[in-house]
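Peer 1: Model the following, please.
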Amino acid sequence: MKYVLMFTSMPEFDEAVPPERAQEVYAQIYQWFVDNNDKFADSGAELMPISTATTVKHSENGPVVVDGPFSEAKEVVGGFSVVDVPDLDAAIELTKTWPSLALPGVAVEIRPMVEDYSQFEQ
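Peer 2: Numbers count the residues shown, from 1 in each chain. Here you go, the predicted model:
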């Protein structure tokens, strides 16, 4: 089963973590990806800051493009990976080892992916 792991933090995260500690955690994150390489269906990616975001959203006159992220969440998605593990329990156990979880305001959302679109056929 494939799951998307979305790595999130609170907007204040960058200000709350000293640069030295952030470097330590990035080294641990790198090693985490190396250690768990066999579970990844996609290497994923870290995302650029939210100030670089562009959103395409609905309007009565058709889609419009606007600056800025407009997701309905307090957290900021900082990156993602796709893992291929047997079940949700395995995804949870893997996620519990994410190095950034030791930092305040960090979370990882686990979301199953649709793998068979035929389930939506009418």
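Peer 1: and residue 80, how many residues sit next to it?
Peer 2: The local packing count at residue 80 equals 18, with neighbours defined by other C-beta atoms under 10 Å. The C-beta positions use only the backbone N, C-alpha and C, and glycine is treated the same way.
Peer 1: Okay, and it sits in which element?
Peer 2: Using DSSP states H and E, the element containing residue 80 is strand 76-84.
Peer 1: For that strand, which outside residues touch it?
Peer 2: The contact list for strand 76-84 (C-beta atoms under 8 Å, 6 or more residues apart in numbering) reads 1-11, 13, 33, 36, 39-47, 50, 69, 71, 91, 94, 113.
Peer 1: now with 6 Å?
Peer 2: 2-9, 11, 39-42, 44-47, 50 (C-beta atoms under 6 Å, 6 or more residues apart in numbering).
Peer 1: quick one, helices of the protein?
Peer 2: Counting by DSSP state H, the segments of the chain that form helices are 13-16, 19-35, 88-95.
Peer 1: Please identify the deepest-packed of the ones you listed.
Peer 2: By mean neighbour count, with neighbours taken as mean count of other C-beta atoms under 10 Å, helix 88-95 ranks first of those at a mean of 15.
Peer 1: distance between the ends of stretch 84-103?
Peer 2: End-to-end distance of stretch 84-103 (C-alpha to C-alpha, to the nearest Å): 26 Å.
Peer 1: cool, stretch 42-59 as well?
Peer 2: Between the opening and closing residues of stretch 42-59 there is a gap of 33 Å (C-alpha to C-alpha).
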